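Enquirer: Mind looking at a prediction? Sequence and model below.
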Amino acid sequence: MYTLYGYWRSSATYRVRCALELKGLSYVVKPVHLLAGGGQQLMEGYLALNPLGEVPTLVVTRPDGHEVALAQSVAILEYLEERHPEVPLLPAGAEDRARVRQLVEGVNAGIHPLQNLKVLKRLKGIFEGDQAAVEGWAREWIARGFAGLEVLVARHGGRHAYGDAPTLADCLLVPQIYNARRYGVAMQEFPRLSAVWEAANALPAFVRAAPEAQPDAQPDAPR
Ligand SMILES: N[C@@H](CCC(=O)N[C@@H](CS)C(=O)NCC(=O)O)C(=O)O
C-alpha cells in the first residue's frame, strides 16, 4: 500500500502522482500544507518521516505491516519503475534511458532547485518583499532551463516528451510546465514543450494527477 505525503501545488509531489496514475497504482493522499503555520513540512512529526523537510514522501506499507518512508521524487519514481515495470516509464535501451534521464535531471537538478519555495521565500526577504521580482526570478530560471529542454524534446520527442509513449520525462516536464504557467513564463516560445503539456493532459492519468484535482486543492490560495 502506498501513502503519498504531499501538497497539491508542489510540483515534486505532482511528479509522483503522474507516475502512480500512469501505472494504475492506488494510493492514499496525506496533505502536508507547505505554507500553514510556517510550513507543516518543517514540523517535528513530519521531519521524523522525512528529515529533508520537503514533500513528497512516499510511505510503502509492506504486507507484514512494516513501513518504509522514501523521499526525493526522482528516487521514488525510480523505485516505482523497479517495483511496477508492467507499465514502463523508461524505454528499453540504455541510451534511450539515459536520454529520458537527461530530461528528468534538466528539470530536477537544473530548474526546480532555483525556484523551490524555500529559495523564493528567502529571495522575498532579499528583494524586500517585492513579489514581482521574486516571480521574475522564477520565470527567468524556468525559461533558461526550458530553452535547452525544448531542443532536446524537438530532437527526441514524438507524441510525448521522449517518443510516443509517456515516460518519466513527462512526469517531470508536466509539473514544471504547470509552474511555468503559474509564474507567467511565455510558453509560446516553447512549442514542443507546450505540445508535451497538451498531449499529457489529454490522458486521464495526468488529469487525475493535476493539482486542481487534489483533495487539498485551494485554487485561490496565495503563493
Ligand atoms: N528534490 C526534491 C525537491 C522536493 C521539494 O523541494 N519539494 C518542495 C515542494 S515542490 C518542498 O517541499 N518545499 C518545501 C520548502 O521549500 O520549504 C524532490 O524531488 O523531491
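Expert: Thanks, I have the structure now.

Enquirer: So which bits of the protein are right by the ligand?
Expert: By C-beta under 6 Å from any ligand atom, the part of the chain that sits against the ligand consists of 10-12, 34, 39, 41, 54-56, 72-74, 108, 116-118. All C-beta atoms are positioned from the backbone trio N, CA, C, and that covers glycine.

Enquirer: Swap in 8 Å and give it another go.
Expert: 7, 9-13, 15, 32, 34, 39, 41-42, 52-56, 71-76, 108, 112-113, 116-119, 121 (C-beta under 8 Å from any ligand atom).

Enquirer: of the residues you listed, buried ones?
Expert: 7, 9-13, 15, 32, 34, 39, 41, 54-56, 71-74, 76, 108, 112, 116-117, 119 (16 or more other C-beta atoms under 10 Å).

Enquirer: ok, now how distant is Leu123 from the ligand?
Expert: 12 Å (C-beta to the nearest ligand atom, to the nearest Å).

Enquirer: tell me the domain ranges of this structure?
Expert: For the chain, automatic domain parsing gives the domain ranges 2-86, 94-206.

Enquirer: and the longest one, how far apart are its ends?
Expert: Same thing as domain 94-206. Domain 94-206 has an end-to-end distance of 26 Å (C-alpha to C-alpha, to the nearest Å).

Enquirer: And the first one, by the same measure?
Expert: Using C-alpha to C-alpha, the gap from the first to the last residue of domain 2-86 comes to 17 Å.

Enquirer: what separates it from the chain centre, distance-wise?
Expert: 11 Å (C-alpha atoms, centre = their mean, to the nearest Å).

Enquirer: Stretch 156-171 too?
Expert: For stretch 156-171, the distance to the chain centre is 15 Å (C-alpha atoms, centre = their mean).

Enquirer: For it, could you pull out the residues that count as buried?
Expert: Using 16+ other C-beta under 10 Å as the test for burial, stretch 156-171 gives 156-157, 160-163, 166-171.

Enquirer: contacts for the helix or strand harbouring Ala19?
Expert: Assigned by DSSP states H and E, Ala19 belongs to helix 11-22. Helix 11-22 is contacted from outside by 2, 4, 6-7, 27, 54-56, 58, 73-74, 76-77, 80-81, 87, 89, 112, 166, 168, 170-172, 174-176, 178-179, 200, 203-206, 208-211, 214, using C-beta atoms under 8 Å, 6 or more residues apart in numbering.

Enquirer: and the domains of the chain as JSON lines, adding mean pLDDT and distance to Pro219?
Expert: Below are the domains of the chain laid out as JSON lines (pLDDT from 0 to 100; distance: least, C-beta to C-beta, whole Å):
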{"stretch": "domain 2-86", "mean pLDDT": "97", "distance to Pro219": "9"}
{"stretch": "domain 94-206", "mean pLDDT": "97", "distance to Pro219": "11"}
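
Enquirer: Including distance to Asp220, could those domains go into TSV?
Expert: Formatted as TSV, those follow (distance: least, C-beta to C-beta, whole Å):
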stretch	distance to Asp220
domain 2-86	12
domain 94-206	13
